[in-house]
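Novice: Can you look at this prediction? I've put the sequence above it.
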Amino acid sequence: MWQDIKNTYHLFQAIAANLLFLFPSRGMTIIGVTGTDGKTTTASLIYHILHTAGLSTALISTVSAIINGKTYDTGFHVTTPDSFSIQSYISKAKKAGVKFLIIETTSHGLHQNRLFGIPFKIAVLTNISNEHLDYHKTYKKYVAAKAKLFQMAKVAILNKDDKSLSYIFSYLKNKKIITYGLKKNANINPKNFTTQTKLIGKFNLYNTLAAVSVARELKINESVISKACSSFTPPVGRTEIVYDKGFLVMIDFAHTPGSFEHLLPEINKLKKGRLIHVFGSAGSRDKYKRPEMGKISSHFSDIIILTAEDPRNENVEKIISEIEKGIDRKFDKKNLLKIPDRKKAIFKALELAQKGDIILITGKGHETSMNLGLGEIPWSEHEAVKEALQKRLKDLILSSWKP
């Protein structure tokens, strides 16, 4: 009830924002990308393909907004900005002569009417797994929130292999539907589109096929699509390899059971030694996913280091304990470390690393702040790794030095 009242307020805000900026999205080809996982990579790849094709294109994503070659910070922990910010970015794009705009959209942003008034031409769905149930309460309501994007768009591009397909179909009337997937019964599949990419894992193949589906709908030349896919590098904090000398350090934004299920088996295949997984779970968010994340990690990791990930007003040790409850009984508890201080956890992972090991640090990715209960404080996963590497190198030099 209270959320419905708030959403009405958000709707009036969206109307006011459209009026203030004179409905800037009119006349542009708008592409919306939604889903539980893979939104940023898919949206960024669509942008890269269109940009490679020489089309005037802008992007509003979790990482940033890119307009006319200039990058704008979209804020802390933000995927879909508020209505006034969105319309402001679109207005900047309009003035820059942008013809194509990709917007990464969340269930919260859709449910709260932040995107009202934007004439989406194409809507893309990556997948929908159990997430944000603290807000939506049920999976069906979560799907219904995502479905609002497809009700606004003319063309729906859907993951044929995802369990959400049957739910989403019920919301689609008089829409052109394009499917992608790994099986032949999908409109776009590996049999009718093959290319080389720098992206890791099957989950990124889905992201690639989703982006290709958009490009084909927009009549982009096949050779341009292939060229763009092969030259694309993942966005900051998405399967990002930040160190690879003796052992490998990767940073990824994965923070849901679904993303763990996609990512961890693929990273596990790459290891020549052990997989050391550093992660936590956000406070004041869906608690039900915590033991599931612990369970999945314990099936693929050799060493687990549980730590803070935006605990907000929740006790870090309590969150860690809830994750631990899901860890498989067969997992050797000697290889489970609980280090609430995230920086110290990363330092420990680097200290433990041996030749052939992979250190996977998940949950924060590109984010530049962390909330420990007293508001946002500066944080950089990349800086923490850099400092840990410098310490390790210094320690190695000192240990080998003989006076």
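Specialist: Okay, I see it.

Novice: Work out for me the element the nearest residue to Leu45 once chain neighbours are set aside sits within.
Specialist: Among residues not flanking Leu45 along the chain, Ala211 sits closest, at 4.0 Å (C-beta to C-beta, 6 or more residues apart in numbering). No exception for glycine: its C-beta is placed from N, CA and C like everyone else's. In this structure, Ala211 sits in helix 202-217 according to DSSP states H and E.

Novice: for Tyr135, same thing?
Specialist: Using DSSP H and E, Tyr135 falls within helix 133-136.

Novice: Lys198 now?
Specialist: Going by DSSP H and E, Lys198 is not in any helix or strand.

Novice: list the contacts for it?
Specialist: 230, 232-234 (C-beta atoms under 8 Å, 6 or more residues apart in numbering).

Novice: mind checking pLDDT for it?
Specialist: Looking at Lys198, its pLDDT is 91.

Novice: for the one 10 residues further on, same thing?
Specialist: You'll see Thr208 listed with a pLDDT of 97.

Novice: count of neighbours near it?
Specialist: Using other C-beta atoms under 10 Å, Thr208 has 25 neighbouring residues.

Novice: just Glu322 next, same as before
Specialist: If you count neighbours by other C-beta under 10 Å, Glu322 ends up with 18.

Novice: repeat for Ala58
Specialist: 26.

Novice: With Ile122 instead?
Specialist: When neighbours are counted by other C-beta under 10 Å, Ile122 registers 23.

Novice: worst-scoring helix or strand of this structure, pLDDT-wise?
Specialist: Least confident helix or strand, the chain: helix 133-136 with a mean of 67, by mean pLDDT, DSSP states H and E.

Novice: Grab the CA positions of the next helix or strand after that one and hand them over as PDB.
Specialist: Per DSSP H and E, helix 133-136 leads on to helix 139-152 as the next helix or strand towards the C-terminus. Extracted C-alpha coordinates of helix 139-152, given in PDB (Å, rounded to 0.1, in the frame of the first residue of the first chain):
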ATOM      1  CA  TYR A 139       9.000 -14.200  -8.000                       C
ATOM      2  CA  LYS A 140       5.800 -13.500 -10.000                       C
ATOM      3  CA  LYS A 141       5.700  -9.900  -8.800                       C
ATOM      4  CA  TYR A 142       9.400  -9.500  -9.600                       C
ATOM      5  CA  VAL A 143       8.700 -10.800 -13.200                       C
ATOM      6  CA  ALA A 144       5.700  -8.400 -13.400                       C
ATOM      7  CA  ALA A 145       7.900  -5.500 -12.600                       C
ATOM      8  CA  LYS A 146      10.400  -6.500 -15.300                       C
ATOM      9  CA  ALA A 147       7.500  -7.000 -17.700                       C
ATOM     10  CA  LYS A 148       6.600  -3.300 -17.600                       C
ATOM     11  CA  LEU A 149       9.500  -2.700 -19.900                       C
ATOM     12  CA  PHE A 150       8.200  -5.000 -22.500                       C
ATOM     13  CA  GLN A 151       4.700  -3.500 -22.300                       C
ATOM     14  CA  MET A 152       6.300  -0.200 -23.200                       C
END
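
Novice: what pLDDT, on average, does stretch 260-274 get?
Specialist: Per-residue scores along stretch 260-274 average to 95.

Novice: what does stretch 291-304 give?
Specialist: Computed over stretch 291-304, the average pLDDT equals 98.

Novice: residues making contact with it?
Specialist: 256-257, 260-261, 264-265, 267-268, 274-277, 279, 281, 306, 322-328, 330-331, 335-337, 349, 352, 360.

Novice: among those residues, which are in helices?
Specialist: Judged by DSSP state H, those include 257, 260-261, 264-265, 267-268, 322-324, 349, 352 as members of helices.

Novice: Whichever of those residues end up buried, select them in ChimeraX.
Specialist: Only the buried entries of the ones in helices among the contacts of stretch 291-304 go into this ChimeraX selection, using 16 or more other C-beta atoms under 10 Å:
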select :257,260,261,264,267,268,322,323,324,349,352
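
Novice: Does Pro234 lie in a helix or a strand, and which?
Specialist: Using DSSP H and E, Pro234 falls outside every helix and strand.

Novice: correct me, but it touches Thr41?
Specialist: Yes. Counting by C-beta atoms under 8 Å, Thr41 is a contact partner of Pro234 at 5.9 Å.

Novice: So for these two, which residues contact both of them?
Specialist: 199, 204.

Novice: These two - which one has more neighbours?
Specialist: More crowded of Pro234 and Thr41, by other C-beta under 10 Å: Thr41, with 26 against 20.

Novice: list the contacts for the nearest residue to that one once chain neighbours are set aside?
Specialist: Among residues not flanking Thr41 along the chain, Asn207 sits closest, at 4.7 Å (C-beta to C-beta, 6+ apart). Taking C-beta under 8 Å, 6+ apart, we find Asn207 in contact with 38, 41-42, 45, 126, 199.

Novice: go with 10 Å
Specialist: 33, 35, 37-46, 124, 126-127, 159, 180, 197, 199, 201, 234, 238, 262 (C-beta atoms under 10 Å, 6 or more residues apart in numbering).

Novice: So which of the residues you listed are in strands?
Specialist: Counting by DSSP state E, the contacts of Asn207 place 33, 124, 159, 180 in strands.

Novice: Model confidence for Ala282, exactly?
Specialist: So, for Ala282, pLDDT stands at 94.

Novice: just to revisit the earlier point, among the contacts of Lys198, the buried ones, what's the PyMOL command?
Specialist: Buried subset of these, written as a PyMOL selection, criterion 16+ other C-beta under 10 Å:
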select buried, resi 232+234
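
Novice: what about the helices in this protein?
Specialist: 2-20, 39-52, 83-95, 107-111, 133-136, 139-152, 165-169, 202-217, 222-231, 257-270, 289-300, 316-324, 342-352, 381-400.

Novice: Can you add distance to Leu59 and give those helices back as CSV?
Specialist: Formatted as CSV, those follow (distance: least, C-beta to C-beta, whole Å):
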stretch, distance to Leu59
helix 2-20, 19
helix 39-52, 4
helix 83-95, 9
helix 107-111, 16
helix 133-136, 25
helix 139-152, 16
helix 165-169, 24
helix 202-217, 12
helix 222-231, 14
helix 257-270, 21
helix 289-300, 28
helix 316-324, 33
helix 342-352, 29
helix 381-400, 21
